[in-house]
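[1] Structure for the following, please:
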Amino acid sequence: MKLKISLFLICAIALASCVDIPDFDNTPKIYYNSVDHYPGTDSLGNKIEHVIISLDFEDGDGDLGASDAERSDTVKYRDWGNYELITCTYENKVWVEKILAIDKRKFFPDLKSDGKSGPIKGRLDLNTSAPYFPGASLILYKWKIRIRDRALRVSNQIETDTIRLPRLD
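    Modelled structure (predicted):
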């Protein structure tokens, strides 16, 4: 009986040691995945284009996201939230970059709520919108994005593909 238990423990330890734990840097890293859009309305009933930007991430200590209490911390997150979203529009043959008021303080939820440090990877879908004006012409849009963790370590910046959305001339 002791031999069976010992054999079981040895096999369990051997199997557990075969699992490779990713060795990600503690500074988050992001990769562009996709950008998509669809028409809709805002809270006032105005026509808008909903934009969804998908990106993949990896982080060595898993401290990505923010709780409700952290989101209200205007000292720590005074400039921007977990996302830095720069909207780029192609106007008069040049790219114009700006951070829209709606995108100033964007957050995503705590991705590892158990509080344990450890590597994580996955996909984030960032939601934003673009105004839709009657009689508007279509122009090119793209976005530049960075994320940051709770220790305020900032990821690399990615750039999306371009899409055409309505904009007044």
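[2] show me the contacts for the closest residue to Arg71 other than its chain neighbours.
    Among residues not flanking Arg71 along the chain, Phe107 sits closest, at 5.1 Å (CB to CB, 6 or more residues apart in numbering). (Glycine included, C-beta is placed from N, CA and C.) The contact partners of Phe107, by CB atoms under 8 Å, 6 or more residues apart in numbering, come to Gly65, Ala66, Arg71, Tyr77, Gly81, Asn82, Tyr83.
[3] If we only consider those residues, which is nearest to Ile99?
    Tyr83 (10.4 Å; CB to CB).
[4] burial count for the closest one?
    19 (other CB atoms under 10 Å).
[5] OK, contacts around it?
    Tyr83 makes contact with Asp103, Lys106, Phe107, Phe108, Leu126, Ile145, Arg146, Ile147 under the criterion CB under 8 Å, 6+ apart.
[6] From Cys88, how far off is Val94?
    In this view, Val94 and Cys88 are 10 Å apart by CB to CB, to the nearest Å.
[7] So for those two, which residue has more residues nearby?
    Applying other CB under 10 Å to Val94 and Cys88 shows that Cys88 carries more neighbours, namely 17 against 8.
[8] and the next element down the chain from the helix or strand hosting that one?
    In the assignment (DSSP states H and E), Cys88 maps to strand 83-91. The element immediately downstream of strand 83-91 (helix or strand, assigned by DSSP H and E) is strand 94-98.
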